[in-house]
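Asker: Generate a structure from the sequence data that follows.
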Amino acid sequence: MGFINRILLFFYTLCFGAVSLGVILLVFNIVPERVLLNEYQYAVTQWQTGAIAGVVFLISIHLLFCAFSTKGNKETTSGEIILVHGEAGDVSVSLNAVKSMVERISSNVRGVRETKVKTLLEHDKDKGDLLKLDIRIQVGQERSIAAISDDIRTQAGKYLTEIACITNFDVAVSVLEIVSGVVVKKRRLK
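Answerer: I've put the predicted structure just below:
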């Protein structure tokens, strides 16, 4: 559901929340009947009442069609798999596997201090699945940001095409922080 549809749904639910509160007040006779009839007669004679009712009706129809609409991109972030077509058959590759490998690849690039990767898989019936990688890095000052970004894109692209056999992908690199000082990388024990 898009941003505009979410806003419409928000106001739509507020409207029906107010209507349901009004019905509750009527059921428990909190509002006297003569006041209710007076307000009803006033509202019926105003053109704004019909305009508001028409807008609410159009929003209802629009949200109904949005609920049953199946077109558009479906996006998933975790727990999803990518089907890779091999010579002997299809292979399922987890997005978490791709994410962790791209994190390792990008963190091994000279000048990168820290890496965070977000993966997104867009399903499109016409164009096929598109894997989007958002690589967010923290870099040092010892190397050009453009060179670091190019190295990350090259190595991640090489991994995705040659090792993971994924051809339809988009890699975006964002620098979150530039830090100074010399970094001593500690050896990891496995």
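Asker: where exactly do the helices run in this protein?
Answerer: Along the chain, counting by DSSP state H, helices occupy 3-27, 33-45, 47-68, 95-107, 145-158.
Asker: from those, which stretch is densest packed?
Answerer: helix 95-107 (a mean of 18; mean count of other CB atoms under 10 Å). From N, CA and C alone the C-beta is placed, and that goes for glycine too.
Asker: and the angle for that one with helix 145-158?
Answerer: 140 degrees (axes from the mean of the first three to the mean of the last three CA atoms, to 10 degrees).
Asker: What is helix 95-107 packed up against?
Answerer: strand 81-85, strand 112-123, strand 130-139, helix 145-158 (3 or more CB pairs under 8 Å, 6 or more residues apart in numbering; DSSP states H and E).
Asker: Including mean pLDDT and distance to residue 28, could the ones you listed go into JSON lines?
Answerer: Formatted as JSON lines, those follow (pLDDT from 0 to 100; distance: least, CB to CB, whole Å):
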{"stretch": "strand 81-85", "mean pLDDT": "63", "distance to residue 28": "54"}
{"stretch": "strand 112-123", "mean pLDDT": "85", "distance to residue 28": "49"}
{"stretch": "strand 130-139", "mean pLDDT": "88", "distance to residue 28": "53"}
{"stretch": "helix 145-158", "mean pLDDT": "90", "distance to residue 28": "64"}
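Asker: for the residue in the chain sticking out farthest from the centre, what are its contacts?
Answerer: Residue distances from the centre of the chain (CA atoms, centre = their mean) peak at residue 34, which lies 50.9 Å from the mean C-alpha position. Going by CB atoms under 8 Å, 6 or more residues apart in numbering, residue 34 touches no other residue.
Asker: still on that earlier bit, so which of the helices of the chain gets nearest residue 126?
Answerer: helix 47-68 (19.8 Å; CB to CB).
Asker: that older thread, any chance of the helices of the chain in a markdown table, plus distance to residue 114?
Answerer: Putting these into a markdown table (distance: least, CB to CB, whole Å) gives the following:
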| stretch | distance to residue 114 |
| --- | --- |
| helix 3-27 | 31 |
| helix 33-45 | 61 |
| helix 47-68 | 40 |
| helix 95-107 | 7 |
| helix 145-158 | 12 |
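Asker: Which among the helices and strands packed on helix 95-107 is found nearest to residue 178?
Answerer: Nearest to residue 178, of these and by CB to CB, is strand 130-139 at 5.6 Å.
Asker: circling back: ok, the residue farthest from the centre of the chain to residue 41 distance?
Answerer: 11 Å (CB to CB, to the nearest Å).
Asker: Next: residue 18.
Answerer: Relative to residue 41, residue 18 is positioned 20 Å away (CB to CB).
Asker: Find the nearest non-adjacent residue to residue 160, please.
Answerer: residue 166 (4.6 Å; CB to CB, 6 or more residues apart in numbering).
Asker: re earlier: tabulate the helices and strands packed on helix 95-107 (TSV), appending distance to residue 99.
Answerer: Shown next, in TSV, are the helices and strands packed on helix 95-107 (distance: least, CB to CB, whole Å):
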stretch	distance to residue 99
strand 81-85	11
strand 112-123	5
strand 130-139	8
helix 145-158	11
